[in-house]
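*Asks:* Sequence first, then the predicted structure:
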Amino acid sequence: MKKQELVFGIHAVESLLKHAPERVLEMWLLSGRQDERIVPLLDIAQTWGVKPQAASRKTLDDKAESPQHQGIIVRVRPAKVLTENDLEALLDKTEMPFLLILDGVTDPHNLGACLRNADAAGVHGVIVPKDNSTGLTPTVSKVACGAAETVPLFQVTNLARTMKRLQERGVWIAGAAGEADSDLFKADLKGALAIAMGAEGKGLRRLTRECCDSLISIPMAGSVSSLNVSVATGICLFEVVRQRLA
């Protein structure tokens, strides 16, 4: 069994059962667990013909390769990989797109947290390059707390080409860079927009940076020079939300 075919954690499994129950093939539940958080999930699973199998904590730990499964694991059909064509379809039906571009984020915890931020901020889709980036792993789904099932993740072959296509479709791209002169809180972030965030420690790659329409920075008052990418992403996304609501 491939690890990427597993989803674990209450929020991740709940979101999967609500939004894509047809993907669930098997379910394992910690022996004796029948509390109020689990029972509704079992009802949905049984509606789709999935009968939970009782398992010991060690068995669940071994399956998840982690003790953070919260007593529930499901084996699923692989999710459909969304591509450039799917992104075009999204743009066709979205009047004022709000997108997040993640350039080379390889840490699944960071991708999961970014997806959670994106869901909370109302982002229409997250774009990542196919290479040098993590995909939808069990850890990503667990950290995302259900957002992995609600926020489309587009994996594109050529990120620079995709960014140029977004610009042709009227989407302004603002890239976050620590050395940028433009202050995030003074930038105009209304309208069709994509926020581009760089990888942990490295920031945006040169070509990605050159494809941005503008570069913005988060003002830093303390002694640290940078923020974790998921924290920085949350700040940038919610500044967009603030401006859109103003």
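*Replies:* Nice, I can see it. The model shown is predicted, which means the values in this text are computed figures rather than measured ones.
*Asks:* which regions of this protein lie under the pLDDT threshold?
*Replies:* Judged against pLDDT under 70, the low-scoring parts of the chain cover residues 1-4.
*Asks:* ranges for the helices of it?
*Replies:* Using DSSP state H, the helices assigned to the chain run over residues 10-19, 39-47, 57-64, 84-93, 108-121, 138-144, 159-168, 206-211, 229-245.
*Asks:* highest average neighbour count across those?
*Replies:* When neighbours are counted by mean count of other Cβ atoms under 10 Å, the highest per-stretch mean among the helices of the chain falls to helix 138-144, a mean of 26. To be clear about C-beta, it is placed using only N, CA and C from the backbone, and glycine gets the same treatment.
*Asks:* need the contact list for Pro219.
*Replies:* Applying Cβ atoms under 8 Å, 6 or more residues apart in numbering, we find Pro219 in contact with 183-185.
*Asks:* among the helices of the chain, which is nearest Leu189?
*Replies:* helix 229-245 (4.7 Å; Cβ to Cβ).
*Asks:* Pull up the gap between Gly9 and Ala232, please.
*Replies:* Per Cβ to Cβ, to the nearest Å, Gly9 is found 25 Å from Ala232.
*Asks:* Of all residues in the protein, which one is nearest the centre?
*Replies:* Centre of the chain computed as the mean C-alpha position; nearest residue by Cα atoms, centre = their mean is Leu115, 2.5 Å away.
*Asks:* Which of the helices of the chain sits closest to Val76?
*Replies:* helix 10-19 (6.7 Å).
*Asks:* Provide the contact partners of the closest one at residue level.
*Replies:* Helix 10-19 is contacted by residues 7, 23-24, 27, 37-38, 40-41, 44-45, 48, 70, 72-74, 76, 141-142, 144-150 when judged by Cβ under 8 Å, 6+ apart.
*Asks:* Correct me if wrong: the residue nearest to the centre of the chain contacts Ala144.
*Replies:* Yes: counting by Cβ atoms under 8 Å, Leu115 does reach Ala144; the two are 4.2 Å apart.
*Asks:* Next, show the common contact partners of these two.
*Replies:* Listed contacts common to Leu115 and Ala144 are Val151; contacts here mean Cβ under 8 Å, 6+ apart.
*Asks:* which residue packs closest to the residue of the chain most remote from its centre, ignoring adjacent ones?
*Replies:* Most distant from the centre of the chain: Gly32, at 32.5 Å, with distances by Cα atoms, centre = their mean. With sequence-adjacent residues excluded and distances taken as Cβ to Cβ, 6 or more residues apart in numbering, Gly32 is closest to Ala54, at 7.8 Å.
*Asks:* correct me, but the one you found touches Ser31?
*Replies:* Yes: the criterion here is Cβ under 8 Å, and Ala54 meets it with Ser31 at 4.4 Å.
*Asks:* No further questions, thank you.
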